[in-house]
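K.L.:
got a predicted model here, sequence first, then my questions.
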Amino acid sequence: MTKINLREQYPDFYKTDYIIEVPDEVVAVMKEHDRLEAAYRRRTYYHKAYYSLDRGDGIEYDALFVSMTPCELYERKVTMEQLHAAIAALPDKQAKRIYARYFLGLASEAIAKSENISVSAVNSSIQRGLRNLEKFLKKEL
């Protein structure tokens, strides 16, 4: 057990000395935090980075990416509708495998394992489905 003064840790809250005993693990965590905080302050000073856009309110995203115009939003919506219509026109197994591979991000191995078939069968089914999608979308345009 180690004695610490809470006034040193929390000067805004404790105006007078308030000494307590804490386990050594807590003291180690507090010292590590102090060390990391000092390192952060040194990096901030060295790189003159006194501000951060990482607030979680979207300001960083808006600063990096230009908003889409209403025309671009409409075009994206129409394109997505065409893509979903094309996928719906595929045979059921091909549509499910393409959806799992490209929309859910599953690997071919995971799809094959879930359907209890070979990986090559999944890959060839996806390739046939993509060719069918291409044909369907070319007819639409």
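P.N.:
Happy to help now that I have it. Numbers count the residues shown, from 1 in each chain.

K.L.:
which is the next helix or strand following the helix or strand bottoming out on mean pLDDT in the chain?
P.N.:
Lowest by mean pLDDT, DSSP states H and E among the helices and strands of the chain is helix 59-64, with a mean of 66. Scanning forward in sequence from helix 59-64 by DSSP states H and E, the next helix or strand is helix 70-89.

K.L.:
pLDDT of the helix or strand following that following helix, averaged?
P.N.:
Using DSSP H and E, the next helix or strand after helix 70-89 towards the C-terminus is helix 92-98. Averaging pLDDT along helix 92-98 gives 93.

K.L.:
give me the average confidence score over whichever strand or helix holds Lys139.
P.N.:
Using DSSP H and E, the secondary-structure element containing Lys139 is helix 119-140. Mean per-residue pLDDT for helix 119-140: 92.

K.L.:
give the buried residues for stretch 108-115.
P.N.:
Within stretch 108-115, the residues that qualify as buried are Ser108, Ile111, Ala112, counting by 16 or more other Cβ atoms under 10 Å. Heads up, the C-betas are built off the backbone N, CA and C, glycines and all.

K.L.:
now name the helix or strand holding the last one.
P.N.:
Per DSSP H and E: Ala112 is located in helix 108-115.

K.L.:
and that helix, what does it pack onto?
P.N.:
Counting contacts by 3 or more Cβ pairs under 8 Å, 6 or more residues apart in numbering; DSSP states H and E, helix 108-115 packs against helix 119-140.
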